[in-house]
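A.B. asks: Here's my sequence, what's the structure:
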Amino acid sequence: MIIQLSKNITTQEQGILINKLSDLKIKSNIISTQFKNYIVGIPKTDFDMRSLGNLNGIEDIHRVSDAYKLVSKKWKVNNTVINLGDNVTIGGNDLAIMAGPCSIEGEEQIETTVAHLVKNNIKIMRGGVYKPRSSPYAFRGMGMDGLKMFYKHCSENGIKVITEVMQVSQVEEMADYVDIFQVGARNSQNFNLLDVLGQVDKPVMIKRGMSGTIEELLASAEYVFSNGNEKILLCERGIRTYENAYRNTLDLNAIPILKEKSHLPVVVDPSHGIGLRQHVGTMALAGVMCGADAVIIETHENPEIAFSDGQQTLYHEQAEKLYQQLNQTRQLYKSF
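C.D. replies: All right, here's what the predicted structure looks like:
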């Protein structure tokens, strides 16, 4: 059960409501976010919701049976739209495209990528400065120096930054230089990190774990929301299966299911999903036709010399063609 509290509820009215829930043997959890105040109630037995209807300070009451309550679509019919400022949104009528290299490698690379994005009217740049790598000897990112340089060039050109945060200690120092925090697949159930990101007023994109179920992804989003942050994106980036002909199995089924179960925007990541440059575009278009609100892809001026994930990274020329196709496909999807 979710109780939306009125904006002008008094302390006395809230106390009466909490006592009433206690009398009904309903465990109450008070949630305060950037936008509203809620009480998430966990009843032990069935009860008549009308018994709460005459209490002051209640804006609305919703019965939600899902384990993930705040991110469920059962109480919030209108889909969430993430507003990044400067007329950049994710989750509205238009498709959002995030593009950039796997890793931030240096200032020249940033300048080249920013120029490519500006030319193609792409408003969000992806790029890792802290990289979780399978090998400890692989390039692991430029850290805060790289992030500051990344953010400087993007902000000067009206481009928003999405980059991965790997641990709790990084959140505070990164916050001023990030527009969207990305939680990678390996950290999708790092609940300490999710708790802290729930206390930051920045959008958070959570990637599905490599062996994670849809319900587990939604539960991870619930951690962020229940700690006070409603600005959440869900990302399908492929799961690990028995198949080894490509990097991961991009679960396109997940996109419409997530849209059905949750009000949060859904992002598709075909670069990590299939991991093969020649097929990234096809899978990106398929993701849009499945209903994705945004696409995140890897692009580099010369992927053959990229510090990481070059095999799944598009040349700028390939990406430029794909951007046009993605927007055309979005219009086709909307006509259905």
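A.B. asks: where does the stretch 1-150 of the chain dip in pLDDT?
C.D. replies: For the stretch 1-150 of the chain, the stretches flagged by pLDDT under 70 are 137.
A.B. asks: could you show me where the strands are in it, in order?
C.D. replies: Ranges of strands within the stretch 1-150 of the chain are 2-5, 26-32, 37-43, 58-62, 82-83, 89-90, 96-100, 124-126, based on DSSP state E, counting those that start in this stretch.
A.B. asks: Any idea which of those gets closest to L252?
C.D. replies: Distance to L252, taken as Cβ to Cβ, is lowest for strand 96-100 among these, at 18.0 Å. Bear in mind the C-beta positions are built from the backbone N, C-alpha and C, glycine included.
A.B. asks: Return stretch 190-206 as CSV; C-alpha atoms alone will do.
C.D. replies: This file holds the C-alpha atoms of stretch 190-206, laid out as CSV (Å, rounded to 0.1, in the frame of the first residue of the first chain):
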residue,chain,number,x,y,z
ASN,A,190,25.3,-3.1,-4.3
PHE,A,191,22.6,-2.0,-1.9
ASN,A,192,24.9,0.3,0.1
LEU,A,193,25.7,2.2,-3.1
LEU,A,194,22.0,2.3,-4.1
ASP,A,195,21.1,3.6,-0.6
VAL,A,196,23.5,6.5,-1.0
LEU,A,197,22.4,7.3,-4.5
GLY,A,198,18.9,7.5,-3.2
GLN,A,199,20.0,10.5,-1.0
VAL,A,200,21.4,12.4,-4.0
ASP,A,201,19.3,14.7,-6.2
LYS,A,202,20.7,13.4,-9.4
PRO,A,203,19.2,10.9,-11.9
VAL,A,204,20.4,7.3,-11.5
MET,A,205,20.5,4.7,-14.3
ILE,A,206,20.6,1.2,-13.0
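A.B. asks: what separates it from the chain centre, distance-wise?
C.D. replies: In terms of Cα atoms, centre = their mean, to the nearest Å, the centre of stretch 190-206 is found 10 Å from the chain centre.
A.B. asks: what do you get for stretch 324-332?
C.D. replies: Put simply, stretch 324-332 sits 21 Å off its chain's centre (Cα atoms, centre = their mean).
A.B. asks: circling back: relative to G287, which of the strands of the stretch 1-150 of the chain is closest?
C.D. replies: Nearest to G287, of all the strands of the stretch 1-150 of the chain, is strand 96-100, at 11.6 Å by Cβ to Cβ.
A.B. asks: Partner strands of the closest one, with direction?
C.D. replies: Strand pairing for strand 96-100, using DSSP bridges, gives strand 124-126 (parallel), strand 294-300 (parallel).
A.B. asks: Just the C-alpha atoms of that strand, please, in CSV.
C.D. replies: The C-alpha trace of strand 96-100 is given here as CSV (Å, rounded to 0.1, in the frame of the first residue of the first chain):
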residue,chain,number,x,y,z
ALA,A,96,16.7,10.2,-25.9
ILE,A,97,20.1,9.2,-27.2
MET,A,98,23.2,8.9,-25.1
ALA,A,99,26.5,8.3,-27.0
GLY,A,100,30.2,8.4,-26.4
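A.B. asks: Excluding its own residues, what touches that strand? List them.
C.D. replies: 88-90, 113, 117, 122-127, 162, 265, 267, 293-299, 319, 323, 326 (Cβ atoms under 8 Å, 6 or more residues apart in numbering).
A.B. asks: which residues of this protein fall in helices?
C.D. replies: Ranges of helices in the chain, per DSSP state H, are 11-23, 107-119, 143-156, 168-174, 191-197, 214-226, 254-261, 270-274, 277-289, 316-334.
A.B. asks: For I30, find the nearest of those helices.
C.D. replies: Nearest of the helices of the chain (Cβ to Cβ): helix 11-23, 8.0 Å.
A.B. asks: Quick one: the helices of the chain as CSV, columns for mean neighbour count and distance to A99 too.
C.D. replies: Listed next are the helices of the chain as CSV, based on neighbours: other Cβ atoms under 10 Å; distance: least, Cβ to Cβ, whole Å:
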stretch, mean neighbour count, distance to A99
helix 11-23, 14, 46
helix 107-119, 17, 6
helix 143-156, 17, 12
helix 168-174, 16, 20
helix 191-197, 19, 23
helix 214-226, 22, 23
helix 254-261, 19, 19
helix 270-274, 26, 10
helix 277-289, 20, 10
helix 316-334, 16, 6
